[in-house]
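Participant: got a sequence here, can you model it:
(one chain, ligands or ions: 2)
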Amino acid sequence: MPNRCIRPGDNPDLTKERETCTFDTDELAANLYGSRRNLERRREISQKVSADPDFADPIPHEFLSREKAVDATAKKSKVIFQKWKNLVKPEEMPHLVNEAVGIQGFPLALHHAMFLPSLNSQADDDLAAEILPRAKAYEIIGTYAQTEMGHGTNLRELETTATYDKTTQEFVINTPTRKAMKWWPGNLGKMSNYAVVCCQLIIDGKNLGPHNFLVQLRCEKTHEPLPGITVGDIGPKIAYNTTDNGFLALDNVRIPRRQMLMKHAKVSPDGTYTPPIHAKLNYGAMVHVRAHMIYSHGHLLARAAAVATRYSAVRRQGRIENGGPEVQILDYQTQQHRIFPQIARAYAILFAGQEVRDQYAKTLEGIANGQADLLPDLHALTSGLKSVVTFMGGLGIEQCRMSCGGHGYSDASGLPKLYGVQIGGCTYEGENMVMLQQTARYLMKGVKWAEQGKSLSPSIAYLGKKSGKSLIGLKGGDITREHEAILETLEHTARRLAIDASQLWEKRIKGGECKERAWNGVTVEMNRASRVYTRLFMARSFHRRLLSSPSSIRSVLSDLFSLYLHYECVDMAQHLLEDGHCNGGQIQYLKKRLYEDLTTLRPNAVSLVDSFEISDRELNSVLGRRDGNVYEALFQWAKQSELNYTDVLPAVKNYMMPMMEENRSKL
Ligand SMILES: CCCCCCCCCC/C=C\CCC/C=C/C(=O)SCCNC(=O)CCNC(=O)[C@H](O)C(C)(C)COP(=O)(O)OP(=O)(O)OC[C@H]1O[C@@H](n2cnc3c(N)ncnc32)[C@H](O)[C@@H]1OP(=O)(O)O
Ligand SMILES: Cc1cc2nc3c(=O)[nH]c(=O)nc-3n(C[C@H](O)[C@H](O)[C@H](O)COP(=O)(O)OP(=O)(O)OC[C@H]3O[C@@H](n4cnc5c(N)ncnc54)[C@H](O)[C@@H]3O)c2cc1C
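Facilitator: Ligands and ions are numbered 1, 2, ... in the order given. Prediction:
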C-alpha cells in the first residue's frame with residue numbers, strides 16, 4: 001500500500017518501514033484533518049512557509065538569546081498578520097503559526113486565544129462594534145489578564161477591584177496589594193497595549209464577584225505604559241520563552257462604564273446591576289481555551305511520537321539474537337511498549353479534541369440564543385479533558401524523549417522543548433487537580449439524577465445504566481465484540497468510581513462533617529472518578545471515529561484502537577480489579593492482547609506517524625526528520641552552537657588556561 005513519504009536518498013531503514021505499510025497514509029491523514037482538501041491545504045501552507053524568505057531562520061532558535069528569539073518571533077508574526085493574513089482561512093492559522101514561528105508562543109498568541117474570544121463572547125454590541133474591528137485588524141494587541149501573584153485558581157478571591165463611580169460613570173481599576181498584581185498573562189509584559197482585566201466588581205460597597213473589563217495599558221503611539229500602569233515581563237520559564245508572560249499593577253486607573261464587558265452581566269449608568277443568564281458566563285474565555293487546547297495538545301504528543309518512532313527505525317543498537325545483525329531499536333518490545341501507546345493516545349486525543357470543539361460551537365450557538373443549558377456538560381467535559389490530556393501528553397512526551405536515549409536529551413531532538421510547552425497545560429487554564437474537581441461536581445449531580453431516574457446528557461448517560469458481568473476475554477475472537485466488551489467494562493468502572501466517591505462523600509457528611517470539609521476528604525477518589533469518566537469519553541470518541549471511517553483505513557485504525565483500549569485497561573487495572581468486576585485472568589488476557597498489538601502494529605508504526613503529516617520544519621527535530629538522515633544532520637546542528645564560533649573560548653582563555661598554567665608552574 002502507498003506510503004507517500006518515500007523519496008530517493010532517504011535512510012534505507014526508513015524506506016523499508018514505509019514499504020511495509022498496509023494502508024494509504026494519505027487516506028488516514030485526510031481523515032484526521034477532515035478531508036483531502038484540508039490535507040492538501042496543510043501541505044500547501046507548509047511548502048509556502050518553507051519557501052518564504054521572510055520566515056527563514058539564519059540559525060535555529062535554540063541557539064538564540066531570549067531577546068533575539070523574541071525579536072525573530074515578532075518579525076515573523078508581522079509577516080503572518082500582514083502579508084499572509086488574507087492567504088489563509090482562520091481555521092488554518094494555527095498550522096501557519098506552528099510552521100512559521102514554532103510552539104513557544106508569539107506576540108499575538110493571547111490576542112487570538114483569549115482577547116478576541118472574550119470580546120466576541122462577552123462585550124456588548126456597542127463595545128464590540130468599537131473595539132473588535134480594531135482588534136481584528138491588528139491596530140491594537142490585547143491579552144487576558146486574570147491570574148494574580150497571590151491567586152490564580154480561586155477566582156473568587158482575586159484582589160484587583162473595579163469600583164463603580166456613579167458620579168463620573170467610570171470604573172476605578174486598582175491593585176490594592178503586591179500579591180494582587182496580575183502575574184503570568186501571556187503577551188502582557190511587552191507586546192500588548194490593551195487587556196481584558198478580570199476584577200472584583202464593586203458597586204456601592206458591595207462585591208459582585210469577578211467580571212471582565214477592557215483596559216488600555218500603553219499609549220497607542222509610543223507604546224509607553226499609560227499613567228497609573230506598571231507592566232513588564234516575569235522572566236524566563238521552563239518553556240514558552242518567546243512569550244512575554246507579564247506582570248501588571250493598576251493604580252486607580254479610570255475607564256468609562258461601557259468598557260465593562262456587558263453582554264451578559266450589566267451595570268447601568270445609575271449603578272443598577274443585572275446578572276447574567278448563567279453565573280459563570282464571565283468565565284467563557286477559559287472554556288474557549290480549554291475546548292481548543294485538547295486538539296493542540298494531541299498534536300504536541302503526535303510530534304513526540306513521530307520523532308521517537310522515526311528515530312527508533314533508523315537507530316541500530318544491540319542484537320536480539322546472538323550473531324545476528326544490530327537491530328533497529330524499534331524492534332525491542334520495551335521500545336514498542338514505550339512508543340506505540342503514545343501514537344495511539346495522540347490519535348485518541350486528536351479525535352476527542354475535534355469532538356469537543358464541535359460541542360463547544362453548539363454550546364456557543366445556544367448561548368447566543370439565550371440558552372446556557374449545554375454549558376454545564378461542556379464545562380465538566382473540558383475540565384476533565386484538559387486535565388487528563390495534558391498529564392497524559394506530558395508523560396507520553398517524556399517516554400518518547402527517554403526512548404531516544406542520549407540524543408533525546410539534546411535540544412536537537414526537539415523533545416525537551418515539546419515537553420516544556422506541553423506541561424504548561426497542566427497548570428494554565430486551571431490547575432489539573434482543581435479542574436478534575438469541577439468535573440467531579442458534575443458527576444456527583446449525575447449520580448443523583450440517575451438515582452432519581454432523570455434524563456442524563458450523552459456524556460454521563462452511562463451513570464444511568466446497569467452493569468452486567470465483564471465479558472473481557474470471554475467474547476471469542478471477534479474484534480468488534482471485544483471492543484464493545486472493553487467499552488462496557490470501562491463504563492462500569494467509571495460508574496462504579498463515581499458512585500463510590502459519592503457514597504464516601506455522603507458517609508463523611510452523615511458522620512458530621514460539613515459538605516465542603518467532607519469533599520476535601522474524598523477529592524483523591526473524586527478526581528479518580530473524573531479521570532475515568534474522561535478516559536471513557538476518549539475511548540468512546542475513538543470508537544465513533546473508527547465506526548465512521550472509510551474501509552480503506554478501518555483495519556489499521558481498528559488495530560490502533562485495540563492497542564489503545566488494551567493499554568488503557570492495563571494502565572487502569574487497579575480500578576478494574578478493585579470491585580471484582582474483572583479478575584486477574586482477565587488482566588492477564590488484556591496484557592497478552594497488548595503484546596500482540598505491539599507486534600501487529602510494528603510494520604505500520606512509521607506510516608502511522610507519517611499520517612500525522614507534520615513537516616520537517618514544524619517538527620523541528622534532527623532525530624525526527626522525514627528522510628531519517630540523522631547523524632550528518634546532528635553534526636551540522638551542533639556546529640551552529642555559539643560555543644563553536646571560536647576554537648578557544650574567552651572563558652577558557654581567561655580562567656581555565658591560567659588555572660592550568662598556575663597549577664603546572666607549582667609542580
Ligand atoms: C491566529 C490564530 C492562532 C491561534 C493560535 C493560538 C495559539 C494559542 C497558544 C496559546 C498557548 C497557551 C495559552 C495559555 C493561556 C493561558 C491562560 C490562562 O491560564 S487564563 C487563567 C486561567 N485560570 C483558571 O483557569 C482559573 C481556574 N479557576 C476557575 O476556573 C474557577 O475558580 C473555578 C471553576 C475552579 C471555581 O470557580 P467558582 O468558585 O466561581 O465556582 P464554583 O466552584 O463554586 O462553581 C459554581 C458552579 O459554577 C460551575 N462553573 C464553574 N466554572 C464554570 C465555567 N467556566 N462554566 C460553566 N460552569 C462553571 C461549577 O461547575 C459549579 O456548578 P454547580 O452546578 O454549582 O456544581
Ligand atoms: C505557561 C502559563 C501561561 C499562563 N497564561 C496565563 C494567561 O494568559 N492569563 C492568566 O490570567 N493566567 C495565565 N497563567 C496562570 C495560570 O492560569 C495559573 O497559574 C493557573 O490557573 C494555576 O493557578 P495558581 O498559579 O494560582 O496555582 P495554585 O492554585 O496556587 O496551585 C498550587 C497547588 O495548590 C493546589 N490547589 C489549589 N487550590 C486547590 C483546591 N481548591 N483543591 C485542591 N488543590 C488545590 C493545586 O492543585 C496545586 O497543586 C499562565 C500560567 C502558565 C504556567
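
Participant: with adjacent residues omitted, what lies nearest to N193?
Facilitator: In this structure, N193 finds its nearest non-sequential neighbour in R218, 4.0 Å apart by CB to CB, 6 or more residues apart in numbering. Glycine gets a C-beta too; all of them are placed from N, C-alpha and C.

Participant: mind pulling up the pLDDT for whatever residue of the chain ends up closest to ligand 2?
Facilitator: When distances are taken as CB to the nearest ligand atom, the chain reaches nearest to ligand 2 at G152, 2.5 Å away. pLDDT, G152: 97.

Participant: which phi and psi does the nearest residue to it once chain neighbours are set aside have?
Facilitator: Leaving aside its chain neighbours, G152 sits nearest to W184 (7.0 Å; criterion: CB to CB, 6+ apart). W184 has phi and psi values of phi 110, psi -30 when expressed as degrees, to the nearest 10.

Participant: other residues contacting stretch 429-437?
Facilitator: With CB atoms under 8 Å, 6 or more residues apart in numbering as the test, stretch 429-437 has contacts from 152-153, 286, 289-290, 293, 383-384, 386-387, 390-391, 426, 438, 523, 526-527, 530-531.

Participant: so which elements touch the host helix or strand of H337?
Facilitator: Counting by DSSP states H and E, the element that carries H337 is helix 333-368. Using 3 or more CB pairs under 8 Å, 6 or more residues apart in numbering; DSSP states H and E, the elements in contact with helix 333-368 are helix 284-314, helix 375-403, helix 523-547, helix 551-571, helix 584-601, helix 605-610.

Participant: indicate which one of those helices is closest to T25.
Facilitator: helix 605-610 (5.0 Å; CB to CB).

Participant: can you give the contact residues for that closest one?
Facilitator: Residues outside helix 605-610 that contact it (CB under 8 Å, 6+ apart) are 3-5, 14, 17-18, 21, 23, 25, 28-29, 302, 305-306, 309-310, 313, 330, 336, 339-340, 343, 347, 556, 560, 601, 626.

Participant: does R617 touch K48 like I think?
Facilitator: No. Taking CB atoms under 8 Å as the definition, R617 is not a contact partner of K48, at 11.1 Å.

Participant: how close does V197 sit to L490?
Facilitator: Per CB to CB, to the nearest Å, V197 is found 43 Å from L490.

Participant: count the residues that sit near T272.
Facilitator: When neighbours are counted by other CB atoms under 10 Å, T272 registers 9.

Participant: which residues of the stretch 101-250 of the chain lie near ligand 2?
Facilitator: Residues of the stretch 101-250 of the chain lying near ligand 2 by CB under 6 Å from any ligand atom: 110, 144-147, 151-153, 184-186, 240, 245.

Participant: who's in contact with R625?
Facilitator: Per CB under 8 Å, 6+ apart, neighbours of R625: R310, D616, L619, A633.

Participant: hmm, 6 Å instead?
Facilitator: Taking CB atoms under 6 Å, 6 or more residues apart in numbering as the criterion, R625 is in contact with D616.

Participant: which SS state does it fall under?
Facilitator: The three-state label given to R625 by DSSP: H, G, I helix; E, B strand; the rest coil is coil.

Participant: and the two most separated of the residues of the stretch 101-250 of the chain next to ligand 2?
Facilitator: Farthest apart among those by CB to CB are H151 and Y240. That separation is 21.1 Å.

Participant: where does the prediction get shaky in the chain?
Facilitator: 475-477 (pLDDT under 70).

Participant: near ligand 2, which residues of it show up?
Facilitator: Residues of the chain lying close to ligand 2 (CB under 6 Å from any ligand atom) are 110, 144-147, 151-153, 184-186, 240, 245, 424, 427-428, 430-431, 433-434.

Participant: not counting its neighbours along the chain, what's nearest T390?
Facilitator: Of all residues not flanking T390 in the chain, G425 sits nearest, at 3.7 Å (CB to CB, 6+ apart).

Participant: which element is that neighbour on?
Facilitator: Assigned by DSSP H and E, G425 falls within helix 415-427.

Participant: where does whatever residue of the stretch 451-600 of the chain ends up closest to ligand 1 land in three-state SS?
Facilitator: Closest to ligand 1 within the stretch 451-600 of the chain is E516: 10.2 Å, counting by CB to the nearest ligand atom. Of the three states, E516 takes helix according to three-state DSSP.

Participant: so the helix holding H337 versus helix 523-547, what angle?
Facilitator: Angle, helix 333-368 to helix 523-547, by axes from the mean of the first three to the mean of the last three CA atoms, to 10 degrees: 90 degrees.

Participant: give the buried residues for helix 333-368.
Facilitator: Buried positions in helix 333-368, judged by neighbour count with 16 or more other CB atoms under 10 Å: 335-356, 359-360, 363-364, 367.

Participant: kindly report the same for stretch 6-15.
Facilitator: Quick answer for stretch 6-15 (16+ other CB under 10 Å): I6, D10, N11, D13, L14, T15.

Participant: looking at it, the fifth one is touching G628, isn't it?
Facilitator: Read it as L14. Yes. Contact criterion CB atoms under 6 Å: L14 and G628 qualify, at 3.7 Å.

Participant: okay, and the common contacts of these two?
Facilitator: Residues touching both L14 and G628 (CB under 6 Å, 6+ apart): V314.

Participant: tell me who's in contact with M149.
Facilitator: K179, M181, W183.
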